[in-house]
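[1] sequence first, then the predicted structure, then my questions.
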2 protein chains.
Amino acid sequence: MSGCLISLEGGEGAGKSSVLEAVEGWLRERGIEVERCREPGGTPVGERIRAILLDPDLGGMDAHTELLLMFASRAQLMRERVLPALAQGRWVLCDRFTDASFAYQGGGRGIDPARIAELERWVVGRRPDLTLLLDVPVELGLARARQREAQPDRIEGESAAFFERVRACYRRRAEAEPERFRLIDARAPLATVQAEARAALEDLWRRRR
Amino acid sequence: MSGCLISLEGGEGAGKSSVLEAVEGWLRERGIEVERCREPGGTPVGERIRAILLDPDLGGMDAHTELLLMFASRAQLMRERVLPALAQGRWVLCDRFTDASFAYQGGGRGIDPARIAELERWVVGRRPDLTLLLDVPVELGLARARQREAQPDRIEGESAAFFERVRACYRRRAEAEPERFRLIDARAPLATVQAEARAALEDLWRRRR
């Protein structure tokens, strides 16, 4: 049986890393092999693209350049890691995926979502089986992110208004596809957030057995 | 009056560099300011993308990754250099442009040209005013290129069959748009090739006065 594709989405400081750890641990306990990836990046080509995307010295990047770099990295990730892993029955856990392009380059930068959907059709061709959306108010998320990192990357350095548009777009997508998304209130204590994520995984796992 | 956009296209070893020199000299003699660019590259972001595209150590690059990297670089070039130069009345001379994506990623890699045309519409929105296509048989071009360079880059390292498809696609495009293309037989002596290029420029220049 082919594996499941699970993406984890959320703005800055939503706590994705610790939820990824919890989810991966839960899957491994059940004997499921896990392929964990991050976006942009996750392949030698993709990590080179990531370095361009996040470089704070590359100001004035065109919005389409940003979008196309994201999908260039994603196309390579699909071919090199996601599709082979799914075909071999492993479950893929992806730290951000296509929804992030809709939220950041669509909602944040204002690119027509029809263009993003077209690129999704060309290079991804599918949606995740489950998307965990860690939702946190922008101010709280940015405060957490600042605490963690000394130097913001090119995208972290955007305005609060930008991140409000990103968050609103993520929430609209979750509302539009409730069967795929699990919206998790990431203001809650970490243990609660992790428990909600595990419960969503358990639902999917039971449906797939 | 806005400037003209002129692209120079051709396979490996077609002699683009020396023709660019001649064309730029001819324009400057007529008092025309010239913005000279190359693709992929031509901007700080674009040159970083170029380094990924040409790196011979990055084998197994997905065809869509290659296509999207090309257009990511092109979007930045349009915004940062081509559009401002044209708006200020300068003439833009570009060493490869969108036709190269149709020839290499479409003809060479087999990507549906409708996808390439869609990207062209999003990030370029126009065709060059004149495209000089330096046409040379593949074997001769590759022999010239090998003489020039010790180490082929990732794309120069492709098979002769790949370059035959690239050449056939370039020629089909020139046939389909005879008013834009000037197909130049690049087997001819350099002075003849340069004279043909200058004659094409002169035609365009007279029409624009």
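    Yes, it's here. Numbering: from 1, shown residues only, chains lettered A, B, ... in the order given.

[2] now the helix or strand bottoming out on mean pLDDT in chain A: how far from the chain's centre is it?
    Across the helices and strands of chain A, mean confidence by mean pLDDT, DSSP states H and E is lowest for helix A:138-148: a mean of 88. Distance of helix A:138-148 from its chain centroid, counting by C-alpha atoms, centre = their mean, to the nearest Å, is 18 Å.

[3] what ranges do the strands span in chain A?
    A:5-10, A:34-38, A:91-95, A:130-135, A:181-185 (DSSP state E).

[4] ends of stretch A:10-21, how far apart?
    Taking C-alpha to C-alpha, to the nearest Å, the first and last residues of stretch A:10-21 lie 15 Å apart.

[5] of the strands of chain A, which is nearest chain B?
    Distance to chain B, taken as C-beta to the nearest C-beta, is lowest for strand A:34-38 among the strands of chain A, at 14.8 Å. For glycine as for every other residue, the C-beta is placed from the backbone atoms N, C-alpha and C.

[6] between the strands of chain A, which gets nearest to residue A:121?
    Counting by C-beta to C-beta, residue A:121 lies closest to strand A:5-10 out of those; the figure is 16.1 Å.

[7] pull up the pairing partners for the closest one, direction included.
    Counting by DSSP bridges, the strands paired with strand A:5-10 are strand A:91-95 (parallel), strand A:130-135 (parallel).

[8] mean neighbour count added to the ones you listed, as a markdown table?
    Output for the strands paired with strand A:5-10, formatted as a markdown table (neighbours: other C-beta atoms under 10 Å in any protein chain shown):
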| stretch | mean neighbour count |
| --- | --- |
| strand A:91-95 | 24 |
| strand A:130-135 | 23 |
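
[9] between these, which gets nearest to residue A:49?
    Of the strands paired with strand A:5-10, nearest to residue A:49 by C-beta to C-beta is strand A:91-95, at 15.4 Å.

[10] what angle sits between that closest one and strand A:34-38?
    20 degrees (axes from the mean of the first three to the mean of the last three C-alpha atoms, to 10 degrees).

[11] and strand A:91-95, average pLDDT?
    Averaging pLDDT along strand A:91-95 gives 97.

[12] chain center to that strand: distance?
    Using C-alpha atoms, centre = their mean, the offset of strand A:91-95 from its chain centre is 9 Å.

[13] list the contacts of it.
    A:3-8, A:16-17, A:20, A:23-24, A:27, A:32-39, A:42, A:81-82, A:85-86, A:128 (C-beta atoms under 8 Å, 6 or more residues apart in numbering or on different chains).

[14] switch the cut-off to 7 Å
    Contacts with strand A:91-95, where a contact means C-beta atoms under 7 Å, 6 or more residues apart in numbering or on different chains, come from A:3-8, A:16, A:20, A:23-24, A:27, A:32, A:34-39, A:82, A:85-86.

[15] please name the nearest non-neighbouring residue to the most centrally placed residue in chain A.
    When C-alpha atoms, centre = their mean is applied to chain A, the residue found nearest the centroid is residue A:96 (1.4 Å). In space, and not counting its chain neighbours, residue A:96 is closest to residue A:39: 4.4 Å by C-beta to C-beta, 6 or more residues apart in numbering or on different chains.

[16] and chain A, which of its residues are near chain B?
    Within chain A, the residues that sit near chain B (C-beta under 7 Å from any C-beta of the partner chain) are A:44-45, A:48-49, A:52, A:58, A:61-62, A:64-65, A:68-69, A:71-72, A:75-76, A:79, A:115, A:118, A:122-123.

[17] out of these, list just those in helices.
    Secondary structure of these is defined by DSSP state H; positions in helices are A:44-45, A:48-49, A:52, A:64-65, A:68-69, A:71-72, A:75-76, A:115, A:118, A:122-123.

[18] filter those residues down to the buried ones.
    Among those, those buried by neighbour count (16 or more other C-beta atoms under 10 Å in any protein chain shown) are A:44-45, A:48-49, A:52, A:64-65, A:68-69, A:71-72, A:75-76, A:115, A:118, A:122-123.

[19] quick check: which of the strands paired with strand A:5-10 is nearest to residue A:157?
    Per C-beta to C-beta, nearest to residue A:157 of these: strand A:91-95, 19.9 Å.

[20] relative to helix A:63-77, how tilted is that closest one?
    160 degrees.

[21] tell me the buried residues in stretch A:24-40?
    For stretch A:24-40, the neighbour count (16+ other C-beta under 10 Å) marks A:24, A:26, A:27, A:32, A:34, A:35, A:36, A:37, A:38, A:39, A:40 as buried.

[22] just how off-centre is that stretch within its chain?
    Chain-centre distance of stretch A:24-40: 15 Å, with C-alpha atoms, centre = their mean.

[23] other residues contacting it?
    A:20, A:46, A:49-50, A:53, A:70, A:73-74, A:77, A:81-82, A:85, A:90-97, A:100, A:198, A:201, A:205.
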